[in-house]
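Asks: 3D, please:
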Amino acid sequence: MSREILVVENITKSYGKTVAVNNLSLKLSRGEILALLGPNGVGKTTTLRIIGGAIRPDKGKIIIDNEDLTDKPSRRKSLMGVMTEEPSLFPDLTVRDSLIILCRLYGVGKNTCVERINDYSKYFNVHVLLGKKYGKLSMGLKRIFDYISSVIHDPAIILLDEPFNAIDVERKHLLKENIKKLRDAGKALIITSHNIPETMDLSSKVVILDKGVKVIETSPGELMAKYPIEEEVVITTREPIDDRIKALLEEKGFRIIGAHTIVAYYTRSGELPRILGLISEVLGRTSNAIESVRLTGTPWDKIFIRIYRGMVNK
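Replies: This next block holds a predicted model:
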(Lines give C-alpha, C1' and ligand atoms only; values in the text may rest on other atoms or scores of the structure.)
Protein backbone atom coordinates (compact mmCIF):
# COMPACT_ATOMS: atom_id res chain seq x y z
CA MET A 1 0.00 0.00 0.00
CA SER A 2 1.27 3.46 -0.88
CA ARG A 3 2.44 5.62 1.99
CA GLU A 4 1.19 8.70 0.12
CA ILE A 5 -1.70 10.17 2.05
CA LEU A 6 -2.13 13.36 -0.01
CA VAL A 7 -1.88 13.76 -3.77
CA VAL A 8 -2.50 17.16 -5.36
CA GLU A 9 -2.88 16.89 -9.13
CA ASN A 10 -2.56 19.90 -11.43
CA ILE A 11 -4.55 22.38 -9.35
CA THR A 12 -5.13 25.85 -10.77
CA LYS A 13 -6.78 28.86 -9.18
CA SER A 14 -7.29 32.27 -10.77
CA TYR A 15 -8.74 35.53 -9.51
CA GLY A 16 -9.80 37.44 -12.60
CA LYS A 17 -6.74 37.66 -14.82
CA THR A 18 -4.38 36.81 -11.96
CA VAL A 19 -3.33 33.16 -11.78
CA ALA A 20 -2.58 32.47 -8.11
CA VAL A 21 -1.79 28.75 -8.50
CA ASN A 22 -0.86 27.32 -11.87
CA ASN A 23 -1.06 23.59 -12.64
CA LEU A 24 0.52 22.63 -9.31
CA SER A 25 1.09 19.01 -8.27
CA LEU A 26 2.32 17.78 -4.89
CA LYS A 27 2.62 14.48 -3.07
CA LEU A 28 2.85 14.04 0.68
CA SER A 29 3.53 10.81 2.55
CA ARG A 30 2.85 9.80 6.13
CA GLY A 31 5.68 10.85 8.41
CA GLU A 32 6.83 13.54 5.97
CA ILE A 33 7.15 17.32 6.33
CA LEU A 34 6.97 19.36 3.14
CA ALA A 35 8.21 22.95 3.15
CA LEU A 36 6.16 25.03 0.69
CA LEU A 37 8.26 28.14 0.18
CA GLY A 38 8.68 31.23 -1.95
CA PRO A 39 8.52 35.05 -1.71
CA ASN A 40 5.31 36.89 -0.85
CA GLY A 41 2.50 36.53 -3.34
CA VAL A 42 3.58 33.34 -5.12
CA GLY A 43 0.55 31.25 -4.11
CA LYS A 44 1.61 29.46 -0.91
CA THR A 45 -1.39 30.43 1.21
CA THR A 46 -3.79 29.92 -1.70
CA THR A 47 -2.40 26.42 -2.16
CA LEU A 48 -2.97 25.58 1.50
CA ARG A 49 -6.48 27.01 1.39
CA ILE A 50 -7.29 24.86 -1.63
CA ILE A 51 -5.90 21.71 -0.01
CA GLY A 52 -7.63 22.49 3.28
CA GLY A 53 -11.01 23.01 1.61
CA ALA A 54 -11.42 26.74 2.25
CA ILE A 55 -11.55 27.54 -1.48
CA ARG A 56 -12.20 25.43 -4.56
CA PRO A 57 -9.66 25.02 -7.35
CA ASP A 58 -10.70 26.00 -10.88
CA LYS A 59 -9.35 22.64 -11.98
CA GLY A 60 -7.27 19.77 -10.67
CA LYS A 61 -7.73 17.06 -8.05
CA ILE A 62 -7.21 16.64 -4.30
CA ILE A 63 -6.80 12.96 -3.42
CA ILE A 64 -6.55 11.71 0.17
CA ASP A 65 -5.80 8.06 0.91
CA ASN A 66 -6.55 7.18 -2.72
CA GLU A 67 -9.98 8.83 -2.57
CA ASP A 68 -10.77 11.79 -4.82
CA LEU A 69 -12.12 14.44 -2.45
CA THR A 70 -11.86 17.41 -4.83
CA ASP A 71 -15.60 18.04 -4.70
CA LYS A 72 -15.89 17.16 -1.00
CA PRO A 73 -14.25 20.06 0.87
CA SER A 74 -16.14 19.29 4.09
CA ARG A 75 -14.79 15.75 4.05
CA ARG A 76 -11.25 17.10 3.51
CA LYS A 77 -11.63 19.51 6.41
CA SER A 78 -12.59 16.65 8.72
CA LEU A 79 -9.31 14.88 7.95
CA MET A 80 -7.04 17.90 8.31
CA GLY A 81 -5.79 20.38 10.85
CA VAL A 82 -5.17 23.88 9.55
CA MET A 83 -3.25 26.70 11.21
CA THR A 84 -3.96 29.87 9.23
CA GLU A 85 -1.66 32.87 9.07
CA GLU A 86 -4.30 35.06 10.73
CA PRO A 87 -5.68 34.57 14.28
CA SER A 88 -8.40 31.93 14.06
CA LEU A 89 -10.11 31.46 17.44
CA PHE A 90 -13.13 33.32 18.81
CA PRO A 91 -11.91 36.71 20.14
CA ASP A 92 -14.72 37.20 22.69
CA LEU A 93 -14.57 33.68 24.16
CA THR A 94 -12.04 32.27 26.55
CA VAL A 95 -9.28 30.23 24.99
CA ARG A 96 -10.58 27.09 26.72
CA ASP A 97 -14.12 27.54 25.38
CA SER A 98 -12.84 28.29 21.87
CA LEU A 99 -10.69 25.18 21.81
CA ILE A 100 -13.43 22.96 23.22
CA ILE A 101 -15.90 24.20 20.59
CA LEU A 102 -13.48 23.55 17.72
CA CYS A 103 -12.44 20.19 19.10
CA ARG A 104 -16.07 19.09 19.55
CA LEU A 105 -16.92 20.17 15.98
CA TYR A 106 -14.54 17.43 14.82
CA GLY A 107 -16.54 14.85 16.75
CA VAL A 108 -14.09 14.38 19.61
CA GLY A 109 -15.63 13.62 23.03
CA LYS A 110 -15.66 16.48 25.53
CA ASN A 111 -13.49 14.70 28.12
CA THR A 112 -10.89 13.89 25.47
CA CYS A 113 -10.96 17.50 24.25
CA VAL A 114 -10.38 18.82 27.78
CA GLU A 115 -7.56 16.35 28.37
CA ARG A 116 -5.78 17.28 25.14
CA ILE A 117 -6.23 21.01 25.77
CA ASN A 118 -4.71 20.63 29.22
CA ASP A 119 -1.81 18.52 27.92
CA TYR A 120 -0.93 20.91 25.09
CA SER A 121 -1.31 24.07 27.17
CA LYS A 122 0.95 22.66 29.88
CA TYR A 123 3.50 21.60 27.27
CA PHE A 124 3.67 25.14 25.90
CA ASN A 125 3.48 26.68 29.39
CA VAL A 126 0.27 28.57 28.61
CA HIS A 127 -2.11 26.67 30.90
CA VAL A 128 -2.78 29.72 33.09
CA LEU A 129 -4.13 31.57 30.04
CA LEU A 130 -6.95 29.15 29.21
CA GLY A 131 -9.46 31.32 31.10
CA LYS A 132 -8.40 34.50 29.25
CA LYS A 133 -10.28 35.88 26.26
CA TYR A 134 -8.43 34.93 23.11
CA GLY A 135 -8.78 38.42 21.66
CA LYS A 136 -6.86 39.93 24.61
CA LEU A 137 -3.73 37.84 24.11
CA SER A 138 -0.51 38.90 22.39
CA MET A 139 0.04 37.73 18.82
CA GLY A 140 2.68 35.20 19.88
CA LEU A 141 0.34 33.57 22.41
CA LYS A 142 -2.50 33.55 19.89
CA ARG A 143 -0.21 31.67 17.50
CA ILE A 144 0.45 28.99 20.11
CA PHE A 145 -3.28 28.46 20.68
CA ASP A 146 -3.90 28.54 16.92
CA TYR A 147 -1.40 25.71 16.60
CA ILE A 148 -3.08 23.75 19.39
CA SER A 149 -6.43 24.20 17.63
CA SER A 150 -4.97 22.71 14.44
CA VAL A 151 -3.79 19.49 16.10
CA ILE A 152 -6.26 19.05 18.98
CA HIS A 153 -8.47 16.59 17.00
CA ASP A 154 -5.49 14.38 16.03
CA PRO A 155 -5.70 14.91 12.24
CA ALA A 156 -3.76 12.81 9.75
CA ILE A 157 -2.73 15.84 7.66
CA ILE A 158 -1.66 19.17 9.19
CA LEU A 159 -1.27 22.42 7.24
CA LEU A 160 0.72 25.16 9.00
CA ASP A 161 0.80 28.65 7.49
CA GLU A 162 3.60 30.74 9.02
CA PRO A 163 3.57 28.82 12.33
CA PHE A 164 6.68 30.51 13.79
CA ASN A 165 5.54 34.13 13.42
CA ALA A 166 5.74 36.22 16.62
CA ILE A 167 6.54 33.22 18.85
CA ASP A 168 9.25 33.61 21.49
CA VAL A 169 12.44 31.55 21.35
CA GLU A 170 11.51 29.04 24.06
CA ARG A 171 8.07 28.24 22.68
CA LYS A 172 9.44 28.17 19.13
CA HIS A 173 11.77 25.39 20.27
CA LEU A 174 8.83 23.56 21.89
CA LEU A 175 6.80 24.00 18.72
CA LYS A 176 9.55 22.49 16.58
CA GLU A 177 9.87 19.54 18.94
CA ASN A 178 6.12 18.94 18.85
CA ILE A 179 6.07 19.07 15.05
CA LYS A 180 8.84 16.45 15.01
CA LYS A 181 6.82 14.30 17.41
CA LEU A 182 3.80 14.46 15.11
CA ARG A 183 5.98 13.58 12.13
CA ASP A 184 7.41 10.59 13.98
CA ALA A 185 3.86 9.49 14.81
CA GLY A 186 3.13 9.27 11.08
CA LYS A 187 1.39 12.61 10.55
CA ALA A 188 1.87 14.37 7.22
CA LEU A 189 2.61 18.10 7.42
CA ILE A 190 2.95 21.03 5.04
CA ILE A 191 4.61 24.19 6.36
CA THR A 192 4.71 27.56 4.64
CA SER A 193 7.06 30.06 6.24
CA HIS A 194 9.46 32.95 5.75
CA ASN A 195 11.37 31.63 8.77
CA ILE A 196 13.65 29.59 6.54
CA PRO A 197 16.18 28.09 9.02
CA GLU A 198 13.46 26.81 11.36
CA THR A 199 11.48 25.32 8.50
CA MET A 200 14.44 23.68 6.76
CA ASP A 201 15.53 22.07 10.02
CA LEU A 202 12.21 20.21 10.06
CA SER A 203 11.53 19.39 6.43
CA SER A 204 12.36 16.34 4.35
CA LYS A 205 11.03 17.80 1.10
CA VAL A 206 11.12 21.35 -0.29
CA VAL A 207 8.83 22.86 -2.93
CA ILE A 208 9.48 26.44 -4.06
CA LEU A 209 6.80 28.40 -5.92
CA ASP A 210 7.13 31.32 -8.30
CA LYS A 211 3.96 33.01 -9.55
CA GLY A 212 1.95 29.95 -8.59
CA VAL A 213 4.24 27.55 -10.47
CA LYS A 214 6.42 24.89 -8.87
CA VAL A 215 9.98 25.81 -9.89
CA ILE A 216 11.95 23.60 -7.48
CA GLU A 217 11.11 20.30 -5.80
CA THR A 218 13.97 18.69 -3.92
CA SER A 219 15.34 17.72 -0.50
CA PRO A 220 17.15 20.12 1.87
CA GLY A 221 20.41 18.22 1.31
CA GLU A 222 20.17 18.42 -2.46
CA LEU A 223 19.26 22.10 -2.27
CA MET A 224 22.32 22.89 -0.17
CA ALA A 225 24.51 20.89 -2.56
CA LYS A 226 23.17 22.85 -5.54
CA TYR A 227 23.58 26.24 -3.86
CA PRO A 228 26.75 26.01 -1.75
CA ILE A 229 27.21 29.04 0.47
CA GLU A 230 30.51 30.10 1.98
CA GLU A 231 30.06 30.48 5.74
CA GLU A 232 32.28 32.17 8.30
CA VAL A 233 33.71 30.84 11.53
CA VAL A 234 35.51 33.14 13.99
CA ILE A 235 38.21 31.54 16.17
CA THR A 236 39.61 33.26 19.25
CA THR A 237 43.04 32.19 20.51
CA ARG A 238 44.17 31.92 24.12
CA GLU A 239 47.39 33.90 23.52
CA PRO A 240 48.24 36.62 20.98
CA ILE A 241 49.15 35.29 17.53
CA ASP A 242 52.81 36.00 16.78
CA ASP A 243 53.98 37.14 13.34
CA ARG A 244 55.39 33.76 12.30
CA ILE A 245 52.16 31.90 13.09
CA LYS A 246 50.15 34.68 11.48
CA ALA A 247 52.11 34.22 8.25
CA LEU A 248 51.61 30.43 8.33
CA LEU A 249 47.86 30.78 8.87
CA GLU A 250 47.52 33.35 6.10
CA GLU A 251 49.42 31.05 3.72
CA LYS A 252 46.76 28.42 4.39
CA GLY A 253 43.95 30.83 3.53
CA PHE A 254 42.92 32.06 6.99
CA ARG A 255 42.37 35.73 7.82
CA ILE A 256 43.86 37.27 10.95
CA ILE A 257 41.71 40.23 12.03
CA GLY A 258 43.07 40.85 15.51
CA ALA A 259 45.76 39.83 17.97
CA HIS A 260 43.60 36.89 19.11
CA THR A 261 41.19 36.44 16.19
CA ILE A 262 41.22 34.17 13.13
CA VAL A 263 38.51 33.98 10.47
CA ALA A 264 37.99 30.87 8.32
CA TYR A 265 35.45 29.97 5.64
CA TYR A 266 33.65 26.74 4.77
CA THR A 267 30.78 25.57 2.56
CA ARG A 268 29.85 22.38 4.44
CA SER A 269 29.57 21.82 8.19
CA GLY A 270 31.64 18.65 7.70
CA GLU A 271 34.62 20.83 6.83
CA LEU A 272 34.75 22.43 10.27
CA PRO A 273 36.66 19.64 12.09
CA ARG A 274 39.40 19.75 9.46
CA ILE A 275 39.62 23.55 9.62
CA LEU A 276 39.76 23.66 13.41
CA GLY A 277 42.25 20.79 13.51
CA LEU A 278 44.57 22.60 11.10
CA ILE A 279 44.40 25.83 13.09
CA SER A 280 45.07 23.96 16.33
CA GLU A 281 48.06 22.27 14.77
CA VAL A 282 49.58 25.55 13.59
CA LEU A 283 48.88 27.33 16.87
CA GLY A 284 50.44 24.44 18.79
CA ARG A 285 53.85 25.28 17.34
CA THR A 286 53.98 28.17 19.82
CA SER A 287 51.95 26.50 22.58
CA ASN A 288 49.00 28.69 21.68
CA ALA A 289 45.51 27.17 21.49
CA ILE A 290 41.92 27.85 20.46
CA GLU A 291 39.96 29.61 23.19
CA SER A 292 36.53 29.80 21.52
CA VAL A 293 34.74 29.18 18.22
CA ARG A 294 31.80 31.21 16.93
CA LEU A 295 29.78 30.45 13.81
CA THR A 296 28.27 33.44 12.02
CA GLY A 297 25.53 33.82 9.48
CA THR A 298 22.56 31.65 8.54
CA PRO A 299 23.29 29.45 5.50
CA TRP A 300 19.66 28.74 4.64
CA ASP A 301 18.74 32.43 4.52
CA LYS A 302 21.64 33.10 2.16
CA ILE A 303 20.69 30.17 -0.07
CA PHE A 304 17.10 31.35 -0.38
CA ILE A 305 18.15 34.93 -1.06
CA ARG A 306 20.11 33.58 -4.05
CA ILE A 307 17.14 31.52 -5.22
CA TYR A 308 14.59 34.31 -4.79
CA ARG A 309 16.81 36.88 -6.49
CA GLY A 310 17.19 34.51 -9.41
CA MET A 311 13.41 34.23 -9.65
CA VAL A 312 12.95 38.01 -9.61
CA ASN A 313 15.67 38.58 -12.22
CA LYS A 314 14.43 35.99 -14.72
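
Asks: what's the span of stretch 230-249, first residue to last?
Replies: One end of stretch 230-249 to the other measures 19 Å (C-alpha to C-alpha, to the nearest Å).

Asks: for it, which positions count as buried?
Replies: By neighbour count on 16 or more other C-beta atoms under 10 Å, the buried set for stretch 230-249 is 231, 233-235, 237, 241, 245-246, 248-249. For the C-beta atoms, the positions are set from N, CA and C on the backbone; glycine is no exception.

Asks: Now do the end-to-end distance for stretch 124-133.
Replies: 18 Å.

Asks: residues contacting the closest residue to residue 164 other than its chain neighbours?
Replies: Spatial nearest neighbour of residue 164, excluding adjacent residues (C-beta to C-beta, 6 or more residues apart in numbering): residue 195 at 4.3 Å. Applying C-beta atoms under 8 Å, 6 or more residues apart in numbering to residue 195 gives the contacts 162, 164-165.

Asks: Can I have the buried ones of those as a ChimeraX selection?
Replies: Restricted to buried positions by 16+ other C-beta under 10 Å, the ChimeraX selection for those reads:
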select :162,164
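
Asks: Please tabulate the contacts of residue 195 in CSV, including the columns secondary structure and distance to residue 179.
Replies: Listed next are the contacts of residue 195 as CSV, based on DSSP: H, G, I helix; E, B strand; the rest coil; distance: C-beta to C-beta, whole Å:
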residue, secondary structure, distance to residue 179
162, coil, 14
164, coil, 10
165, coil, 15
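
Asks: So which of the buried residues of stretch 230-249 are in strands?
Replies: Among the buried residues of stretch 230-249, DSSP state E puts 231, 233-235, 237 in strands.

Asks: Most widely separated two among these?
Replies: By the measure C-beta to C-beta, 231 and 237 form the most distant pair in these, at 20.2 Å.

Asks: Okay, domains of this structure per the record?
Replies: The chain breaks down into these domains under automatic domain parsing: 4-91+138-226, 231-300.

Asks: can you put these in CSV and add distance to residue 118?
Replies: Converted to CSV, the domains of the chain look like this (distance: least, C-beta to C-beta, whole Å):
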stretch, distance to residue 118
domain 4-91+138-226, 11
domain 231-300, 35
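
Asks: residue boundaries of the helices in this structure?
Replies: 44-52, 73-79, 95-105, 110-123, 139-151, 169-184, 196-202, 220-226, 243-251, 272-283, 299-312 (DSSP state H).

Asks: who does the fourth one touch, helix- and strand-wise?
Replies: So the one you mean is helix 110-123. On a contact count with 3 or more C-beta pairs under 8 Å, 6 or more residues apart in numbering; DSSP states H and E, helix 110-123 meets helix 95-105, helix 139-151.

Asks: starting at the chain centroid, how far to the first one?
Replies: Which is helix 95-105. 26 Å (C-alpha atoms, centre = their mean, to the nearest Å).

Asks: which intervals of the stretch 51-200 of the chain have sub-threshold pLDDT?
Replies: Filtered on pLDDT under 70, the stretch 51-200 of the chain yields no residues whatsoever.

Asks: Let's see that with 90 instead.
Replies: By pLDDT under 90, the weakly predicted segments of the stretch 51-200 of the chain are 77-78, 197.

Asks: hang on, isn't residue 63 packed against residue 11?
Replies: No - taking contacts as C-beta atoms under 8 Å, residue 63 lies outside contact range of residue 11: 11.0 Å.
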